[in-house]
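# Quick check, what structure comes out for this input:
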Amino acid sequence: MPNLGFQGRRLTQARKARTMTQKALAQLIGKTSQTVSQYESGTIVPPVEVVESIAQALQVPVELLYRPWVDHGSNQPIFYRSMSAATKKARGAAESKLEWIDDCVAYFESMLELPEYSPFDIDVPSDPARITVDMIEDAAASVRLAWEVPKGPIDNMVGLLEKHGFFVFMMPLNADTLDALSVDWNEKHPYVIVGTDQGNACRWRFDCAHELGHLVLHQGVDATALSTPAICKLIETQAHRFASALLLPEQEFVESLYSVSLDGYRELKPYWKVSIAAMVRRTRDLGIISEDGYRNLYISISRRKWRKTEPFDEEMAPERPALARKCLDIITGSITGSEDEFVKATALPGDFMMMLFGGCRKVPHTGWGQVIELPSR
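Numbers count the residues shown, from 1 in each chain. Alright, predicted model coming up:
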């Protein structure tokens, strides 16, 4: 075991990642809630045997609880899709997982030259109430221009983000009220997490574009303002409009739309890789159909039972993140002993590693010995 002191904040982090209360953990290790609270605050240092019990209860390596704490740029706001509805427990778990991701990326940065994100020179007000629809449309067009996106559909939204320095991860968030989140704690490598508990290929593409919208439009927003439901709703609407404009640029989309009927949208879905519902809303936003027309189309969507599952949802393959896995493969394939070093340096739980990388050869759990074969890409 490393000759380092017990880290109470690591305990808090791991407990929140496991969505476990202090009371629940206390019951599992035979202590009181007050004692667990004192472990987390650093008032009491638990003996080794108790640390081992904690690690077993939380299903994390013992080493993680001794790993020195690192600040994670928490002054930067985290944007949660469905933010106003997301529970405190769900947000706490997601933030702890973001901190684990930050540890992994920091290790990659120390070993590799990685593509870096360059912020856009887009002038938008820091007050979301002053951001207009025209500003949002212009911002989406500016991103396509700056990133040299060809006219028409974006072939791979996840790949586009990773090409420009984002780390994208897809994993269950275990919360019905939380679809995705993003943050630029790391200015060179912003993080986007897409929840896979529900949804499909089109929805996850849209989530990625939505999170990019927050990072483009809302970096000047005061983090305290995000606790206001009205502001949350407003910035969610703005990020949604940005995603629509990015994935369905006005001129090309309108030119492709030969019929404002559900059958017409259905024909376009495999081309644009955007849901029928999103295309219906886009035509409403662009003034192509009226509010009554929009409402009637949604009634028809319900009649066809397309609210939860649309045509082609089962056939369209989801886009998969590749950058983090490629970093791990390069490190472990080119430097002798580096895989052991990576595992020891991050000390993260095996199940979390598998979510990030699809399985790594040496998975930490309560020890380092378990072996899992890497799947081929």
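
# which outside residues touch whatever helix or strand Leu268 lives in?
Assessed by DSSP states H and E, Leu268 sits inside helix 262-272. Outside helix 262-272, the residues that touch it by C-beta atoms under 8 Å, 6 or more residues apart in numbering are 153, 202, 247-248, 253, 256-258, 275-276, 279-280, 297, 300-301, 304, 306, 310-312, 316. Glycine gets a C-beta too; all of them are placed from N, C-alpha and C.

# Pull out the buried members of these.
Taking 16 or more other C-beta atoms under 10 Å as the criterion, what is buried in these is 153, 202, 247-248, 253, 256-257, 275-276, 279-280, 297, 301, 306, 310-312, 316.

# hang on, the earlier thing: which SSE is immediately downstream of the helix holding Leu268?
Where DSSP H and E defines the elements, the next helix or strand beyond helix 262-272 is helix 276-285.

# what about this protein, any weak spots by pLDDT?
Residues of the chain that meet the criterion pLDDT under 70 lie in 1-4, 73-75, 81-86, 335-338, 359-377.

# Go ahead and flag the most central residue of it.
The centroid of the chain falls nearest to Ile193 when counting by C-alpha atoms, centre = their mean (1.1 Å).

# and it, helix, strand or coil?
Secondary structure, DSSP: H, G, I helix; E, B strand; the rest coil: Ile193 is strand.

# if I read this right, it contacts Asp179, doesn't it?
No. In this structure Ile193 lies outside contact range of Asp179 using C-beta atoms under 8 Å: 9.9 Å.

# Among the contacts of helix 262-272, which ones are in strands?
Judged by DSSP state E, strands contain none of the contacts of helix 262-272.

# Restricted to helices, list these.
Within the contacts of helix 262-272, residues falling in helices by DSSP state H are Cys202, Leu247, Phe253, Ser256, Ile276, Met279, Val280, Leu297, Ser300, Ile301.

# Might you report the residue contacts of the last one?
By C-beta under 8 Å, 6+ apart, the contact list for Ile301 reads Leu262, Ile276, Ala277, Val280, Arg307.

# thinking the fourth one is in contact with Arg295, fair?
This points to Val280. No. Val280 is beyond contact range of Arg295, at 10.2 Å (criterion: C-beta under 8 Å).

# Where does the residue lying closest to Ala129 once chain neighbours are set aside fall, secondary structure wise?
Using C-beta to C-beta, 6 or more residues apart in numbering and skipping the chain neighbours, the partner closest in space to Ala129 is Leu234 (6.9 Å). Assessed by DSSP H and E, Leu234 sits inside helix 229-247.

# can you state the direction angle for that helix and helix 276-285?
Between helix 229-247 and helix 276-285, the angle comes out at 100 degrees (axes from the mean of the first three to the mean of the last three C-alpha atoms, to 10 degrees).

# how deep is the nearest residue to Ser37 once chain neighbours are set aside tucked in, by neighbour count?
Spatial nearest neighbour of Ser37, chain neighbours left out: Gln22 (5.7 Å); criterion: C-beta to C-beta, 6+ apart. When neighbours are counted by other C-beta atoms under 10 Å, Gln22 registers 19.

# do the same with Thr21
Residues near Thr21, counting by other C-beta under 10 Å: 13.

# before we move on, what about the one 3 residues further on?
Other residues within reach of Ala24 by the criterion other C-beta under 10 Å amount to 14.

# Check for me that it belongs to a helix.
Yes. Counting by three-state DSSP, Ala24 falls inside a helix.

# Please tell me how far it sits from Val70.
Applying C-beta to C-beta, to the nearest Å, the value for Ala24 to Val70 is 26 Å.

# buried set for stretch 159-175?
159-162, 164-171, 173, 175.

# Show the residue spans covered by the strands in this protein.
For the chain, the strands defined by DSSP E occupy 79-80, 167-171, 180-183, 191-195.

# would you list these in a markdown table and tack on distance to Ser227?
Listed next are these as a markdown table, based on distance: least, C-beta to C-beta, whole Å:
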| stretch | distance to Ser227 |
| --- | --- |
| strand 79-80 | 12 |
| strand 167-171 | 25 |
| strand 180-183 | 16 |
| strand 191-195 | 21 |
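
# Would you confirm that Thr32 contacts Ala26?
Yes. In this structure Thr32 lies within contact range of Ala26 using C-beta under 8 Å: 5.6 Å.

# So these two - more neighbours on which side?
Shown here are Thr32 and Ala26; by other C-beta under 10 Å, Ala26 has more neighbours (19 against 12).

# OK, contacts around the more buried one?
Contacts of Ala26 by C-beta under 8 Å, 6+ apart are Thr32, Ser33, Thr35, Val36.

# just Ile131 next, same as before
Contacts of Ile131 by C-beta under 8 Å, 6+ apart are Val124, Pro125, Leu217, Gln238.

# Kindly recompute the last result at 10 Å.
Val124, Pro125, Ala139, Leu217, His218, Gly220, Val221, Leu234, Ile235, Gln238, Arg241, Phe242 (C-beta atoms under 10 Å, 6 or more residues apart in numbering).
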